[in-house]
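Visitor: Got a predicted model here, sequence first, then my questions.
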Amino acid sequence: MIAHEEEIRRNLCDSDQGHVFAYWDELSAEEKKSLIAQLSAIDLDQVNRLIEIHLATPPPAELPSLQPGPVVPVEGNDPGVLHRARERGEQALHEGRVASLVVAGGQATRLGFDLPKGSFPITPVTGKSLFQLHCEKIIALRRRYGSTMPLLVLVSPHNHQATRDYFEQKQYFGLPPEDVILFEQGMLPAVDRDGRLLMASRGQIFLSPDGHGGVFRAMAKANLFEEMAGRGIESVFFFQVDNPLAKIADPVFMGYHLEESAEVSLKVVRKREPAEKVGIYVLEGGAPAVLEYSDTPAEVREAQDESGQLRYWAGNIAIHAFHLSFMEQLGREEKHLPYHMARKKVPCIDETGELSQPSEPNGIKFESYVFDSLAVARKAVAMEVRRHEEFSPVKNRTGEDSPATAVEDQSHLFRSWLRDSGILVEDENAQVEIGPLFALDRDELIRKIREDGLRGARKVLLD
Ligand code: UD1
């Protein structure tokens with residue numbers, strides 16, 4: 001071993017992680033090099049801190065005081081406020097001060113799709129992929145506002161190359177390649193119940209993406225704050241790759257966020273039912289927060305108000321507006337996000353030295369969540385939106401929140417746009433698609449149909 005390797009070995013042994021070298025003598029030179037590279041990239045102090053916090057501290061006996069978070073209502077909003085918000089948002093878009101950022105580093109495990117989730121076909125008639133749909137919306141916005149809004153794409157080491165290949169093969173769906181910026185999130189090791197690092201093979205430790213809260217650090221690492229500032233960007237519209245109904249860079253939302261001088265804003269919808277797998281927007285000990293569904297006890301999920309409605313009704317649809325400088329504070333770690341731990345089944349090398357597929361959770365993964373930034377923001381605001389217009393995530397292979405429901409929800413929305421444009425849709429179940437490049441929203445469709453009638457509509461509606 002050379003000096004650098006010796007030091008790494010000493011540090012790991014001092015942290016009771018010497019077992020990662022158990023098979024050292026049987027590794028090839030190449031494998032040794034790669035294990036050392038992996039180990040040197042880990043921040044061992046951080047890992048030790050995480051182990052200490054999560055394995056040593058007993059879970060808190062009771063939740064801090066909770067209240068429903070204050071939300072700008074979707075209905076009955078002051079038209080003057082909405083009008084001002086729209087104008088402010090449109091101005092920011094015109095002036096090229098808004099970027100969009102999609103998080104796409106996840107592994108689509110529940111969907112059971114091995115390729116990047118963004119390449120999953122999702123539109124009702126032409127089967128465009130999620131990425132194509134998002135890119136076409138951005139092209140439509142760039143045309144409408146005469147801007148060069150970039151798209152930042154968070155990927156993980158697992159899907160970075162496949163995502164890049166996909167965009168290249170599809171020629172970035174017509175966006176200039178320099179305006180589609182892929183950047184990579186960090187990885188963290190997983191540990192067993194005793195805090196020992198799990199091994200993916202005899203010569204590799206197991207690593208998994210550090211959660212979408214890693215987006216800020218990843219932006220700093222990729223020098224995106226300098227790059228965005230250089231392009232005159234001040235605000236970032238954030239969304240998840242899995243939602244085909246995302247209203248990208250919605251001017252009302254962006255404008256409201258700016259009018260309120262918020263550092264982070266979020267959109268919420270009324271929860272479908274207590275068990276729906278969405279985080280809930282609350283005040284936790286007086287501070288805004290999203291309680292993740294997996295961490296929310298049943299009595300909170302099911303709590304009712306005096307009128308028998310869900311007390312915590314505001315479901316997080318993972319759409320945010322950020323002030324760039326706030327993201328930068330998080331990225332440079334002037335402000336910190338906590339890590340959450342999740343017990344997962346992690347395929348790993350067992351005590352016999354063979355790879356085993358556990359049937360029960362055997363490992364602990366650590367992730368940070370982007371919405372924990374609400375708690376450290378100077379100001380955060382939440383806006384309620386209509387689910388059928390803005391939220392239909394693709395999570396599961398079948399059943400709720402699946403490709404089938406996303407296709408139906410898009411068709412349903414487009415049928416309503418057609419009806420509002422005066423077009424009779426006889427078949428209530430007709431699959432309909434309106435491409436963003438033809439009409440980005442209902443109002444644009446109404447205007448086009450009023451001006452041009454149905455001329456060319458058949459072709460463009462399906463295009
Ligand atoms: C997420 C939210 C939940 C919200 C719901 C709405 C979290 C922890 N929870 O739940 O509050 O109500 O969406 O649909 O996000 N991703 C990365 N890197 C990672 C992990 C995830 O980029 O390390 C991306 C994924 O590609 C995906 C998104 O983050 O686009 C959400 O991840 P997912 O695991 O699907 O979250 P949900 O459990 O559905």
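Guide: Sure, I can see it.

Visitor: List the buried residues of stretch 172-191.
Guide: With burial defined by 16 or more other CB atoms under 10 Å, the residues of stretch 172-191 counted as buried are 172-173, 175, 179-191. No exception for glycine: its C-beta is placed from N, CA and C like everyone else's.

Visitor: Closest to Lys271 out of the residues you listed?
Guide: Using CB to CB, Gln185 is the member of these that lies nearest Lys271, at 28.4 Å.

Visitor: of the buried residues of stretch 172-191, closest to Lys267?
Guide: Ranked by distance to Lys267 (CB to CB), these are led by Gln185 at 22.7 Å.

Visitor: rewinding a little: so which of the buried residues of stretch 172-191 reach the ligand?
Guide: Applying CB under 6 Å from any ligand atom to those, one finds that Gln185 fall near the ligand.

Visitor: Inside strands: which ones of the buried residues of stretch 172-191?
Guide: Restricting the buried residues of stretch 172-191 to those inside strands, with DSSP state E as the criterion, leaves Val180, Ile181, Leu182, Phe183, Glu184, Met187, Leu188, Pro189.

Visitor: dump the residue contacts of the last one.
Guide: In this structure, Pro189 makes contact with Ile42, Val47, Leu197, Leu198, Ile205, Phe206, Leu207, judged by CB atoms under 8 Å, 6 or more residues apart in numbering.

Visitor: who does the third one bridge with?
Guide: This points to Leu197. In this structure, Leu197 has the following beta-bridge partners (DSSP bridges): Val191.

Visitor: if we can go back for a sec, can you list the ones in strands among the buried residues of stretch 172-191 in TSV and add distance to Pro73 and pLDDT?
Guide: Shown next, in TSV, are these (distance: CB to CB, whole Å; pLDDT from 0 to 100):
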residue	distance to Pro73	pLDDT
Val180	36	98
Ile181	36	98
Leu182	37	98
Phe183	36	98
Glu184	39	97
Met187	41	94
Leu188	39	95
Pro189	44	95
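
Visitor: Next, format those residues as CSV and append distance to Glu390.
Guide: Compiled in CSV, these are given as follows (distance: CB to CB, whole Å):
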residue, distance to Glu390
Val180, 23
Ile181, 25
Leu182, 25
Phe183, 26
Glu184, 28
Met187, 32
Leu188, 32
Pro189, 37
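
Visitor: Mind telling me what element the closest residue to Val155 other than its chain neighbours is part of?
Guide: Sequence neighbours aside, Thr163 is the residue nearest to Val155 in space, at 4.9 Å (criterion: CB to CB, 6 or more residues apart in numbering). Element membership for Thr163 (DSSP states H and E) is helix 160-169.

Visitor: Helix or strand next in line after the biggest strand by length in the chain, which one?
Guide: With DSSP E setting the assignment, residue counts place strand 314-323 as the longest strand in the chain. The first helix or strand that comes after strand 314-323 along the chain, using DSSP H and E, is helix 324-331.

Visitor: And that following helix, what's buried?
Guide: Residues Leu324, Phe326, Met327, Glu328, Gln329, Leu330, Gly331 are the ones in helix 324-331 that count as buried (16+ other CB under 10 Å).

Visitor: same deal with stretch 84-103?
Guide: Buried residues in stretch 84-103, counting neighbours by 16+ other CB under 10 Å, are found at 85-86, 88-90, 92-93, 96-103.

Visitor: again with stretch 123-133
Guide: By neighbour count, and taking 16+ other CB under 10 Å as the criterion, the buried residues in stretch 123-133 are Thr123, Pro124, Val125, Lys128, Ser129, Leu130, Phe131, Gln132, Leu133.

Visitor: next one: phi and psi at His54?
Guide: Note on His54: its backbone torsions stand at phi -90, psi -30 [degrees, to the nearest 10].

Visitor: Tell me which two in the buried residues of stretch 123-133 are the farthest apart.
Guide: Set against one another by CB to CB, the buried residues of stretch 123-133 have their most distant pair in Val125 and Phe131, with a gap of 17.6 Å.

Visitor: Give me the average confidence score over the helix or strand containing Ser40.
Guide: Following DSSP H and E, one finds Ser40 within helix 29-41. Within the predicted structure, the mean pLDDT of helix 29-41 is 92.

Visitor: For that helix, which helices and strands make contact with it?
Guide: helix 3-14, strand 204-205 (3 or more CB pairs under 8 Å, 6 or more residues apart in numbering; DSSP states H and E).

Visitor: mind putting those in JSON lines, mean neighbour count, distance to the ligand and mean pLDDT included?
Guide: Listed next are these as JSON lines, based on neighbours: other CB atoms under 10 Å; distance: least, CB to the nearest ligand atom, whole Å; pLDDT from 0 to 100:
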{"stretch": "helix 3-14", "mean neighbour count": "14", "distance to the ligand": "25", "mean pLDDT": "88"}
{"stretch": "strand 204-205", "mean neighbour count": "18", "distance to the ligand": "17", "mean pLDDT": "96"}
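
Visitor: Dump these into TSV; add distance to Ile434 as well.
Guide: Listed next are the helices and strands packed on helix 29-41 as TSV, based on distance: least, CB to CB, whole Å:
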stretch	distance to Ile434
helix 3-14	56
strand 204-205	47
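
Visitor: picking that back up, among the contacts of Pro189, who's most crowded?
Guide: For the contacts of Pro189, counting by other CB atoms under 10 Å, the largest number of neighbours falls to Leu197: 24 neighbours.

Visitor: does any bit of the longest helix anywhere in the chain sit next to the ligand?
Guide: Counting residues, the longest helix found in the chain (DSSP state H) is helix 403-420. No - under the criterion of CB under 6 Å from any ligand atom, the ligand is not reached by helix 403-420; the shortest gap measures 11.6 Å.

Visitor: Centre of the chain to that helix, how far?
Guide: Once both centres are worked out by CA atoms, centre = their mean, to the nearest Å, helix 403-420 turns out to sit 23 Å from its chain's centre.

Visitor: does any part of the longest strand of the chain sit near the ligand?
Guide: Yes - applying CB under 6 Å from any ligand atom, one finds strand 314-323 in contact with the ligand at Gly315, Asn316, Ile317, Ala318.

Visitor: relative to helix 324-331, how tilted is that strand?
Guide: Between the direction of strand 314-323 and that of helix 324-331, the angle (axes from the mean of the first three to the mean of the last three CA atoms, to 10 degrees) works out to 100 degrees.

Visitor: elements contacting the helix or strand hosting Glu299?
Guide: Taking DSSP H and E as the criterion, the element that holds Glu299 is helix 298-301. Counting contacts by 3+ CB pairs under 8 Å, 6+ apart, helix 298-301 is packed against no other helix or strand.

Visitor: For that helix, the averaged confidence score.
Guide: For helix 298-301, the mean per-residue pLDDT is 95.

Visitor: Any buried residues in it, and which?
Guide: Using 16+ other CB under 10 Å, the residues of helix 298-301 that count as buried are Val300, Arg301.
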